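A.B. asks: sequence and predicted model, in that order:
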Amino acid sequence: MLIVTRKTRTILLFVLIFLIFISSPRFLGTIDGSSTRVLTLSILEEGNFDLDEYIPEDNTDIVGFVYINTGDHFISKYPVLTSILALPIYAGPYFAGVSFTREVVATLANITAALITTFSAIFLLFIFRKYLSEKWSIFLVVAYAFGTSSWTISSQDLWQHGTSQLFLILVVYLLLKPKKSDLIFLLTGLAIGLAVAARYLNIIFAVIFLIYILYKYREKIVATLLGLLVPLSLIAIYQSYYLNSPWHTGYSCELQKTPCIEGWNSLFWDGFGGLLVSPGRGLFIFTPFLLFSVIGAWYIWKRKKENKKNYNLLLRYLSIGVLVFILVMSKWWAWYGGVTYGPRMLVDIVPFLMLLFIPVVKNGLFRKKIILGCFILLVLFSMVVQFAGAIHWDKTWGVADTLVGDHSWLWDWDNSQLTYYLKRLF
């Protein structure tokens, strides 16, 4: 009988996830990723972060939406960390003299994003294995990879999201390690800082993590802060040089055309409901199996026997962070994520929602066959939804996006994005 070791299973799962991520028949990126895709080239070719040579002459209207005119240079509106992580993937073809056509750049961006997102899935696997059986660990990781926007968003282009997911789950992995040395907390702080560098809104989770560490491992807070300061200092240096202030980002009001401070005045219930249950962007519509994570949150807050589990306190903190993240995102003018497939703006919190399945499984909820059957059906449906997006999404649905705050088109149940692409699939 052939015995497959845990290490072999991990490698095989990594390869499977990565290959499926890069197998989409068309490039699923959008104009939002154009600056991050070429920024890696600018670093290789000129050793700088300005994109003066990449501003399309016939599309200068995208300046302020994707590129920022600082007065001296054009730079990417978005954080630069993901572009830096792409350097090893771009470097081989670059030094081999490959011509970087639009198609080549798109392919390299896809490969980079797929690798980053696959690594996030593997770190999630390592955490699951601490508390769950091998079968459950693999099943939940497969659900995460192919049943959520990790497939159709994070793995497809150099968005902020994949890198954000990777470093956020890495922080949790480090915090759950049994040995709590100063080195571990130094690395934890570094990972927290990199999560913020990947996506600035992760400052919410940075605060949550620091409060948790201060409460439970107070003697390690200095090591954590030292690690945190490294990426934050580099961000400050970059922003001081290109934006004339360590506090300015590509989202600063005076640097862009799109709404800024006033852009946080979206109707709360429109954004909150839209993010969770709208047919055009709802997290629980595109990924309904994540509804069980709500039960997981209930377990860690209400079940007394969960209080003794070493993951319980951390999951409580994370559940608070998830709620705050959703509440804040609900007020943003572009909570729907612009031209995209599904709930792009909530994909960052998906790893944390997946962790909430640990108490669900350990409390035996899935021992009831009818509940297990419903859960499996919801996972399969979520995978079909993501598969439909990976195969057919082509930006032909959603032309009603006029950036004027009318989101009624996202609530059209008769012609939702979900049904539009499912019909094309079948």
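C.D. replies: All right, it came through fine. Numbers count the residues shown, from 1 in each chain.
A.B. asks: for the spatially closest residue to residue 183 that is not a sequence neighbour, give me its contacts.
C.D. replies: Among residues not flanking residue 183 along the chain, residue 223 sits closest, at 7.9 Å (CB to CB, 6 or more residues apart in numbering). Every residue, glycine included, has its C-beta placed from N, CA and C. Neighbour list for residue 223: 182, 183, 185, 186, 189 [criterion: CB atoms under 8 Å, 6 or more residues apart in numbering].
A.B. asks: top of these by neighbour count?
C.D. replies: Within these, neighbour counts (other CB atoms under 10 Å) peak at residue 189, which reaches 29 neighbours.
A.B. asks: distance check, that one against residue 381.
C.D. replies: In this view, residue 189 and residue 381 are 40 Å apart by CB to CB, to the nearest Å.
A.B. asks: next one: residue 161
C.D. replies: 22 Å.
A.B. asks: and these two? Which one has more around it.
C.D. replies: Using other CB under 10 Å, the more surrounded residue of residue 161 and residue 381 is residue 161, with 29 against 16.
A.B. asks: next secondary structure after the longest helix along the chain?
C.D. replies: Longest helix of the chain, by residue count under DSSP state H: helix 102-131. Sequence order places helix 134-146 as the next helix or strand after helix 102-131, per DSSP states H and E.
A.B. asks: so what does that next one touch, helix or strand wise?
C.D. replies: Packed against helix 134-146 by the contact rule (3 or more CB pairs under 8 Å, 6 or more residues apart in numbering; DSSP states H and E) you find helix 6-21, helix 102-131, helix 350-355, helix 369-392.
A.B. asks: name the residues of the second one that are buried.
C.D. replies: Buried residues in helix 102-131, defined by neighbour count with 16 or more other CB atoms under 10 Å: 105-106, 108-129, 131.
A.B. asks: and what of the first one?
C.D. replies: Under the neighbour-count criterion of 16+ other CB under 10 Å, helix 6-21 has 10, 13, 14, 17, 18, 20, 21 buried.
A.B. asks: other SSEs contacting the helix or strand just after that helix?
C.D. replies: Using DSSP H and E, the next helix or strand after helix 6-21 towards the C-terminus is helix 34-46. Using 3+ CB pairs under 8 Å, 6+ apart, the elements in contact with helix 34-46 are strand 74-76, helix 81-85, helix 87-95, helix 102-131.
A.B. asks: show me the contacts for the closest residue to residue 54 other than its chain neighbours.
C.D. replies: With CB to CB, 6+ apart as the criterion, residue 54 has its nearest non-adjacent residue at 4.5 Å, and that residue is residue 38. Under the criterion of CB under 8 Å, 6+ apart, the neighbours of residue 38 are 51, 54, 105.
A.B. asks: from these, which has minimum pLDDT?
C.D. replies: The lowest pLDDT within the contacts of residue 38 belongs to residue 54, which sits at 85.
A.B. asks: wait, that one sits on residue 46?
C.D. replies: No - under the criterion of CB atoms under 8 Å, residue 54 is not in contact with residue 46, lying 10.6 Å apart.
A.B. asks: which one's more surrounded, those two?
C.D. replies: Each of residue 54 and residue 46 has its neighbours counted (other CB under 10 Å); residue 54 has more, 16 against 12.
A.B. asks: roughly how far apart are the more buried one and residue 149?
C.D. replies: Taking CB to CB, one finds residue 54 at 28 Å from residue 149.
A.B. asks: do the same with residue 240
C.D. replies: 34 Å.
A.B. asks: so between these two, which is more surrounded?
C.D. replies: Between residue 240 and residue 149, residue 149 has the larger neighbour count (other CB under 10 Å), namely 28 against 13.
A.B. asks: nearest spatial neighbour of the more buried one, chain-adjacent residues omitted?
C.D. replies: Nearest one to residue 149, counting by CB to CB, 6+ apart, is residue 347 at 4.2 Å.
A.B. asks: likewise for residue 283?
C.D. replies: Per CB to CB, 6+ apart, closest to residue 283 is residue 343, 4.4 Å.
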